[in-house]
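Q: Sequence and predicted model, in that order:
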Amino acid sequence: MTVLFQAILRIACLSALSRRATLALMLASIALGTALLLGVERIRADTRRSFVQTISGVDLVAGPRTGGVQLMLYAVFHSGSATHSMGWDSYQALAGLPGVDWAVPLSLGDSYRGFPVLGTSRDYFTHYRYGEKKLLEWKAGSPFERPFEAVLGSDVATRFGLTTGSRLVLSHGAGTEILPEHGDKPFVVTGVLAPTGTPVDRTVHISLESMTALHLDWAGGAPLPGLSIPAEMATRFDLTPKEITAVLLGLKQRSDAFRIQRFVNAFDGEPLMAVLPGVALDELWESLDIFERVLRGISLLVVLVGLSGLTATLLAGLNERRRELAILRSLGAGPLHLFVLLACEGLFVTMAGAFSGALLLAAAAQGAQDWLLANLGVVLTTALPTPGEWPLLAAVVATGLLASLFPAWRAWRISLADGLTPKQ
């Protein structure tokens, strides 16, 4: 029996070698489908992790009492608008807490040609992290030092062709509609940040003093009639802000996060709240779960198409191999031997295609890692299959085995006489 199996295996290998072009196409189809399936799963997992790490190294985000997701939307993504502000005194009280290592104030409300303007301190460029706690890097220039100086995110600079030394006029309010401008107080660009793939790229950064100076002669969202304070005069005023939108807090010990969160939520001065960024971003991501399912469904369909091609090719090849199968029968191979032969052939092709797809994905991930980080902010895993991807590989191999069972069953049904005298 062993000698018979060895002979059958040798003939099967020679048969596969004679059909190498067809089998190579099948293998490539399965490899591409597997790479797409694993790629979508990897991008889904890494995108979720990178989304949660849009801002990293920040232990708490505090602001006016509202929903946690809403607070993250305007504090981190600079989307929407805050219904309330928090007082500057409250910010100073939080910044002075014993467990707080650093605090970065944020103030929103203005825009530049549809892009949000963020008022903050120079500490923002030191403490802001994204991805795996990656620091902001400079493409050109340096942080602002005086009022009416701005630092641009990479998307803003690229979109409008701005660089250090360029001048720009900000608009009052947020949105893409026509808004009143602060035309009497232009800004000069002192720095441009390198791409991060985060909301930082789409933001114009100015100092809190600049944000206050812009609105010295404004009230209720409109300029005060008959009052105009030019830029050179505005710097002579006390530009300490009276209120801000939110504050980023870094703690000396992360174990103090819940204690300080409770303190902020029960703050006596005004109604405030603090959220853990990771928890709030996870909650926000859950609302996008439908897109994850759609992506995974598309990749599964691609793999099924590839495996259907494997089944169709094996079935189509049966007619060409009827004499070969008949010869095997004449050598003593029974129907079960033929069944196992074709099932194993389909299994080996599927396994080779699946692992080729895994290697293809690893190579593609290595090549695209820097681009994805710079343009989409996604830190892509470049290793061979992750623990979560091995079940998908096993599912592909198992599905390939099932797809080859029907051709194997057909071969099992072919009789010796039918193989020696095929119908015309």
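A: Okay, I see it.
Q: use CA for all of it now, contacts and neighbours both
A: Will do.
Q: quick one: least confident helix or strand in the protein?
A: Least confident helix or strand, the chain: helix 416-420 with a mean of 49, by mean pLDDT, DSSP states H and E.
Q: and I229, what does it touch?
A: Going by C-alpha atoms under 8 Å, 6 or more residues apart in numbering, I229 touches L216, D217.
Q: what do you get if the cut-off is 10 Å, keeping everything else the same?
A: Each residue near I229 by C-alpha atoms under 10 Å, 6 or more residues apart in numbering is listed here: D184, K185, A213, L214, H215, L216, D217, W218, T235.
Q: Quickly note the distance from the fourth one to G87.
A: Yep, that's L214 we're talking about. 18 Å (C-alpha to C-alpha, to the nearest Å).
Q: same question, the fifth one
A: Separation of H215 from G87 (C-alpha to C-alpha): 16 Å.
Q: Compare neighbour counts for L214 and G87 and give me the winner.
A: Legend: neighbour count by other C-alpha atoms under 10 Å for L214 and G87, higher for L214 (26 against 19).
Q: With pLDDT added, can I get the contacts of I229 in JSON lines?
A: Converted to JSON lines, the contacts of I229 look like this (pLDDT from 0 to 100):
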{"residue": "D184", "pLDDT": "85"}
{"residue": "K185", "pLDDT": "90"}
{"residue": "A213", "pLDDT": "91"}
{"residue": "L214", "pLDDT": "89"}
{"residue": "H215", "pLDDT": "86"}
{"residue": "L216", "pLDDT": "86"}
{"residue": "D217", "pLDDT": "79"}
{"residue": "W218", "pLDDT": "74"}
{"residue": "T235", "pLDDT": "84"}
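Q: and the helix or strand where S90 lies, how far from the chain's centre?
A: Following DSSP states H and E, one finds S90 within helix 88-95. Distance, stretch centre to chain centre, for helix 88-95: 34 Å (C-alpha atoms, centre = their mean, to the nearest Å).
Q: now for the helix or strand that it is followed by, which elements pack on it?
A: Using DSSP H and E, the next helix or strand after helix 88-95 towards the C-terminus is strand 100-106. Helices and strands touching strand 100-106, as assessed by 3 or more C-alpha pairs under 10 Å, 6 or more residues apart in numbering; DSSP states H and E, comprise strand 60-64, helix 68-75, helix 88-95, strand 115-120, helix 124-127, strand 243-244, strand 246-251.
Q: any chance of the ones you listed in JSON lines, with mean neighbour count, mean pLDDT and distance to V294 too?
A: Listed next are the helices and strands packed on strand 100-106 as JSON lines, based on neighbours: other C-alpha atoms under 10 Å; pLDDT from 0 to 100; distance: least, C-alpha to C-alpha, whole Å:
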{"stretch": "strand 60-64", "mean neighbour count": "26", "mean pLDDT": "93", "distance to V294": "32"}
{"stretch": "helix 68-75", "mean neighbour count": "21", "mean pLDDT": "86", "distance to V294": "24"}
{"stretch": "helix 88-95", "mean neighbour count": "17", "mean pLDDT": "94", "distance to V294": "43"}
{"stretch": "strand 115-120", "mean neighbour count": "25", "mean pLDDT": "93", "distance to V294": "30"}
{"stretch": "helix 124-127", "mean neighbour count": "17", "mean pLDDT": "94", "distance to V294": "37"}
{"stretch": "strand 243-244", "mean neighbour count": "22", "mean pLDDT": "93", "distance to V294": "40"}
{"stretch": "strand 246-251", "mean neighbour count": "24", "mean pLDDT": "94", "distance to V294": "35"}
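Q: quick one, which of the ones you listed is nearest to R296?
A: Comparing these against R296 with C-alpha to C-alpha, the closest turns out to be helix 68-75 (25.8 Å).
Q: just the CA coordinates of the closest one, formatted as PDB?
A: Written as PDB, here are the backbone C-alpha positions of helix 68-75 (Å, rounded to 0.1, in the frame of the first residue of the first chain):
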ATOM      1  CA  GLY A  68     -17.500  62.300  26.500                       C
ATOM      2  CA  VAL A  69     -17.600  61.700  22.700                       C
ATOM      3  CA  GLN A  70     -18.600  65.300  22.000                       C
ATOM      4  CA  LEU A  71     -15.700  66.500  24.200                       C
ATOM      5  CA  MET A  72     -13.200  64.400  22.300                       C
ATOM      6  CA  LEU A  73     -14.700  65.500  18.900                       C
ATOM      7  CA  TYR A  74     -13.900  69.200  19.500                       C
ATOM      8  CA  ALA A  75     -10.900  68.800  21.800                       C
END
